[in-house]
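Novice: What shape does this take:
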Amino acid sequence: MKPKPWKTLSTKMVYENPWMRLREDIAELPNGRTTTYGVVIFGDCVGVLPFVDQDHVMLVRQYRYVQGEAHRWEMPTGGVKEAETLEQAAQRELAEEAGYYARRLTHISSYYTSKCICDETAHLYIGEKLTPAEVMPDDTEFLERRIFSFDEALRMALEGEIMDSMSVMALLLAARRRS
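Specialist: Next up, the predicted model:
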């Protein structure tokens with residue numbers, strides 16, 4: 001039997017900035033009891049695995065404040081802005097972070113980044129047939145770019161050198177498509 005939904009009795013915005021919001025809900029459980037539930041809202045985000053040719057991908061790295069590290073490689077990722085389609089956001093992030101637009105952008109997956117307390121859906125793409133883009137990164141992005149063989153990037157994901165879920169998932173799905 002399918003689980004019964006919870007009923008939201010009230011919701012209160014606790015915190016908000018340009019990148020996220022935090023709300024606190026009072027929810028009624030299927031047994032009639034109530035609970036407080038915190039929800040972090042990020043919205044949609046996109047990631048593009050850019051193939052510079054059939055066997056090489058471009059990855060970027062930057063200082064990641066929350067983890068306090070700057071040594072891990074990842075694919076270009078970012079949030080979807082208001083009134084922007086997923087494809088437009090993917091092209092913008094690819095241009096800002098990798099310096100390319102993709103003439104072919106293929107959607108490979110959408111998934112919840114954290115199903116319990118975060119409202120965020122990630123949309124993954126493969127970018128191919130790249131053309132140069134002269135777009136500046138966001139004000140908070142200080143990036144290093146590097147081309148890797150696809151096999152090396154996949155190895156890095158499998159061995160935990162690449163740890164962000166969007167990059168790991170995109171590399172695994174790309175590997176599956178290639179086999």
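Novice: got the contact list for the residue nearest to residue 9 when sequence neighbours are not counted?
Specialist: Using Cβ to Cβ, 6 or more residues apart in numbering and skipping the chain neighbours, the partner closest in space to residue 9 is residue 26 (4.6 Å). Just so you know, the C-beta spots here come from the backbone N, C-alpha and C atoms, and that holds for glycine as well. Contact analysis of residue 26 by Cβ atoms under 8 Å, 6 or more residues apart in numbering lists 8, 9, 10, 11, 34, 35, 36, 37.
Novice: and what of residue 22?
Specialist: With contact set as Cβ under 8 Å, 6+ apart, residue 22 has these partners: 13, 14, 15, 16, 38, 39, 40, 41.
Novice: From the contacts of residue 26, list just the buried residues.
Specialist: Among those, not one counts as buried by 16 or more other Cβ atoms under 10 Å.
Novice: and which of these is nearest to residue 84?
Specialist: When the contacts of residue 26 are compared for distance to residue 84 (Cβ to Cβ), residue 11 comes out closest, at 25.7 Å.
Novice: And that closest one, how close does it get to residue 90?
Specialist: For residue 11, the distance to residue 90 (Cβ to Cβ, to the nearest Å) stands at 31 Å.
Novice: all strands for the chain, in order.
Specialist: Remark: strands assigned in the chain by DSSP state E are 7-16, 21-28, 34-53, 56-61, 77-79, 100-112, 118-132, 144-149.
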